[in-house]
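[1] Fold the following, please.
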Amino acid sequence: MRYEYITGNTAIAKASITAGLKFYAGYPITPTSDIFEYLARELPKRGGHVVQFEDEIASINAAVGASWACAKSMTATSGPGFSLMLETLSLAVITETPLVVAYVMRTGPSTGVPTRSGQYDVLQATYGFHGGLVIPVLAPSTPQEAYDLTVRAFNVSEELRTPVVLLSDAVVAHTYGKVAVRERGEVEVVDRGKPSVSPEAYRPYDPLGGLVPPMACFGEGYNVLVESLTHDERGYYAPRTDIQRRLMWRLYRKVVESSEKLFDYSATHLDGCEHALVSYGSTALSARAAAKLLREEGFRACSVTLRTLFPVYEEGVAGLLKGVEKVFVVENNVGLYFRELRGVLRDKEVVSVPLIDLDMPLPQEVAGVVKKWL
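    Residues are numbered from 1 along each chain as shown. Purely as a prediction, here's the structure:
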């Protein structure tokens, strides 16, 4: 392990190599292009491939194809590009394709301010694609978390055979920080489960009594079907209610029933806390500092930074904030994730603190809004 002073985007790029990335498909877009640039220099030195495609649609489709050729794959984008990727993201869900999308949010909607930050796309990250299921979404708030959660995103993707969104923002992307950089042997790296049966007995979507089927790749001698239609365990189109029902519930359960394992957070001064400031991404830094200011003024305040946004581990969130009287959800948007937490924390007052800023709200502004409620 060594320490480096790097940005959040560089941390994502370095961590993806540590996690075993072999194929990066991308199209330049602010504020993610330096991920692309770093990987274009470094990944080929480690036996990987980096390709610039004509747009985001081609990029994510190429990443899906490379994953089926057994290459750990990733693409990176921001709001407008992610909108173009959504159809293929749905394809990756139904075909159970391991894939990481580094999504660095910027000011929106539409073109917005490409070089500045925001958290406007937190719901799009998991709900934007069609099909009504859930994609795991991990959200770093510092360069160190960007590194650690990138490795975790690849591991979750491989273990659950699902696309995973690493949801950063422009502040995290371009902020420098001290990061513990590890080599592959120094971190846990998960690879997808492989078939233990003969090619003749293999069925591409048979979970063998579990929820996640083992995955054979093209060129390994197995009959591999990448079917976007409703399919049975053989991968054959089967337009029947019983097949659709079985497939949908399995795709849903394999992610949602992993909620407890995926749940990740950090907290300060949680013991004896009466007023919790809950946030994520770069805004969590402001919320953390605001909680400190409030404590200096005599308020029993604490801060909670959520690193896993979806699937929502309801029991974990409720247990974490069990003794708190008021929960303030601090976001750099119009109050989007507040809607998720309001439904989970039905036994207490949950207050939205939507502070829109082109970078990140000042701690004093956060503390000022909270004091008005107290």
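
[2] contacts, neighbours, all on C-alpha from now
    OK.

[3] ranges for the helices of this structure?
    Under the criterion DSSP state H, helices of the chain are mapped to 8-18, 33-42, 56-68, 79-94, 124-127, 143-160, 170-174, 241-256, 259-262, 283-296, 314-320, 337-344, 363-373.

[4] Figure out which of those helices is closest to residue 270.
    Residue 270 sits nearest to helix 314-320 of all the helices of the chain, at 8.5 Å, using C-alpha to C-alpha.

[5] Show me what counts as buried in the closest one.
    314, 317-318 (16 or more other C-alpha atoms under 10 Å).

[6] Repeat that for stretch 96-112.
    For stretch 96-112, using 16+ other C-alpha under 10 Å, the buried residues are 96-108.

[7] just to revisit the earlier point, with respect to residue 188, which of the helices of the chain lies nearest?
    helix 143-160 (8.3 Å).

[8] Which strands and helices lie in contact with that closest one?
    Applying 3 or more C-alpha pairs under 8 Å, 6 or more residues apart in numbering; DSSP states H and E, one finds that helix 143-160 makes contact with helix 8-18, strand 99-105, strand 163-169, helix 170-174, strand 176-181.

[9] Any chance of a markdown table for these, columns mean pLDDT and distance to residue 85?
    Output for the helices and strands packed on helix 143-160, formatted as a markdown table (pLDDT from 0 to 100; distance: least, C-alpha to C-alpha, whole Å):
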| stretch | mean pLDDT | distance to residue 85 |
| --- | --- | --- |
| helix 8-18 | 98 | 20 |
| strand 99-105 | 98 | 10 |
| strand 163-169 | 98 | 12 |
| helix 170-174 | 98 | 19 |
| strand 176-181 | 97 | 29 |
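
[10] As TSV, those with distance to residue 294 would be great.
    Putting the helices and strands packed on helix 143-160 into TSV (distance: least, C-alpha to C-alpha, whole Å) gives the following:
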stretch	distance to residue 294
helix 8-18	28
strand 99-105	29
strand 163-169	26
helix 170-174	24
strand 176-181	26
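
[11] Quickly check the buried residues of stretch 96-112 for the two that are furthest apart.
    96 and 107 (31.2 Å).

[12] got the CA coordinates for stretch 210-221 in CSV?
    The C-alpha trace of stretch 210-221 is given here as CSV (Å, rounded to 0.1, in the frame of the first residue of the first chain):
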residue,chain,number,x,y,z
GLY,A,210,-29.8,-19.7,-5.4
LEU,A,211,-30.5,-16.3,-6.9
VAL,A,212,-27.4,-15.7,-9.1
PRO,A,213,-26.6,-18.0,-12.0
PRO,A,214,-23.0,-19.0,-12.7
MET,A,215,-21.8,-17.2,-15.8
ALA,A,216,-20.1,-18.8,-18.8
CYS,A,217,-18.5,-16.5,-21.4
PHE,A,218,-18.1,-16.7,-25.1
GLY,A,219,-15.3,-18.9,-26.1
GLU,A,220,-15.4,-21.3,-23.2
GLY,A,221,-17.3,-24.1,-24.9
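
[13] Show me the contact partners of that stretch.
    Residues outside stretch 210-221 that contact it (C-alpha atoms under 8 Å, 6 or more residues apart in numbering): 68-70, 159-161, 192-195, 199, 204-207, 222, 224, 250-251, 253-254.

[14] May I see the PyMOL selection of the buried members of the residues you listed?
    Selecting the buried subset of those in PyMOL, with 16+ other C-alpha under 10 Å as the burial test, is done by:
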select buried, resi 68+70+159+160+161+192+195+204+205+206+222+224+250+251+253+254
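
[15] one step back: the helices of the chain: which one's closest to residue 25?
    Per C-alpha to C-alpha, nearest to residue 25 of the helices of the chain: helix 56-68, 4.9 Å.

[16] Return the angle between stretch directions for that closest one and strand 163-169.
    130 degrees (axes from the mean of the first three to the mean of the last three C-alpha atoms, to 10 degrees).
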